[in-house]
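Enquirer: Give me the fold of what follows.
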Amino acid sequence: MLSLWRLTLLCGLLIGPSCCLLDSILPLSSIHSSIDRLKDEAHALSLDLRDDFERLKFPLEHVMKTILNDFETLSGKALDAFISKVTALIGLKIEDMAYLSLKPELSADGNSLQLRLPASAAISMKLPPLISDLIKAQVNMDFLMQLKIVTDEKTGLSEVSLGECLVDESTLKITILNGAAGLKARLAESLTAMVKKLIPSIMKKRMCPLMETFAKVMDVQKVQDVIDYLKTHKSMAPSAILR
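Expert: Numbering: from 1, shown residues only. Just a heads-up that it's a prediction; the model follows:
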């Protein structure tokens, strides 16, 4: 049977080395140091992510500026392809077209007829991921369509042909109706400028084939009579060209 002093000595030998062994395996000072280092790294990472977010928060303004610059440098098929990509990018849709009275005018050359067709439309677009809400706007513009009397090379007969067909950009007006609350002022201006670049091309593709078909069935003599009338008069009733 162990005496009291021997039992005390044995417990001391067991407890003492065990504490030292545990401290050598998992030193508390090292654990605290690691935790502090992880906190510092997490904080630094959060700052980096926040900086990245701030840099990405408003890239659209720069993108729009680049797009507007590209409109000025591209032409032909390259411009058409670019317009298609930008239209798809912002999901631009043109709906609810409405037309006012057709206005016959004498063309600048004095020998052909120009038809002015005021029109309005509702447009919508999105700017993800910056603005999730649908942006709606109203567009007003005038179409200009030139009707010329030409001679058919095969038959030798006179016929009406479509000349210039375009949007009078001086009449183009874009009014953002909603969704503008999330836009900075400069971004709203850039968006309006970009849409003004897109609309003439989109509407030209939509309207001009129809007007070309319209021109082919027009009466040659009627068109010539209107041209002759406008040479001596400033204007005429819109219905005169359609009778």
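
Enquirer: how long is stretch 173-188 from one end to the other?
Expert: End-to-end distance for stretch 173-188, by CA to CA, to the nearest Å: 14 Å.

Enquirer: and it, average pLDDT?
Expert: Across stretch 173-188, pLDDT averages out at 70.

Enquirer: Then stretch 235-243?
Expert: Mean pLDDT, stretch 235-243: 60.

Enquirer: what do you get for stretch 198-215?
Expert: 90.

Enquirer: how about that stretch: buried residues?
Expert: 198-203, 207-208, 211, 215 (16 or more other CB atoms under 10 Å). Just so you know, the C-beta spots here come from the backbone N, C-alpha and C atoms, and that holds for glycine as well.

Enquirer: got the contact list for it?
Expert: 79-80, 83, 86-87, 92, 94, 123, 139, 141, 143, 145, 147, 160-162, 165-167, 169, 172, 174 (CB atoms under 8 Å, 6 or more residues apart in numbering).

Enquirer: Could you measure from I90 over to K234?
Expert: Noted for I90: a distance of 42 Å to K234, by CB to CB, to the nearest Å.

Enquirer: who has more neighbours, these two?
Expert: I90 (20 against 7; other CB atoms under 10 Å).

Enquirer: For this protein, give me the ranges with low pLDDT.
Expert: Scanning the chain for pLDDT under 70 picks out the ranges 1-61, 128-133, 179-187, 236-243.

Enquirer: residue boundaries of the helices in this protein?
Expert: Applying DSSP state H to the chain gives helices spanning 4-25, 28-57, 59-73, 76-90, 185-216, 220-232.

Enquirer: Mind giving me the packing neighbours of the shortest one?
Expert: For helix 220-232, the elements it packs on are strand 103-106, strand 113-127, strand 131-151, strand 158-178, judged by 3 or more CB pairs under 8 Å, 6 or more residues apart in numbering; DSSP states H and E.

Enquirer: Which of these sits closest to I227?
Expert: Closest to I227 of the helices and strands packed on helix 220-232, according to CB to CB: strand 113-127, at 5.3 Å.
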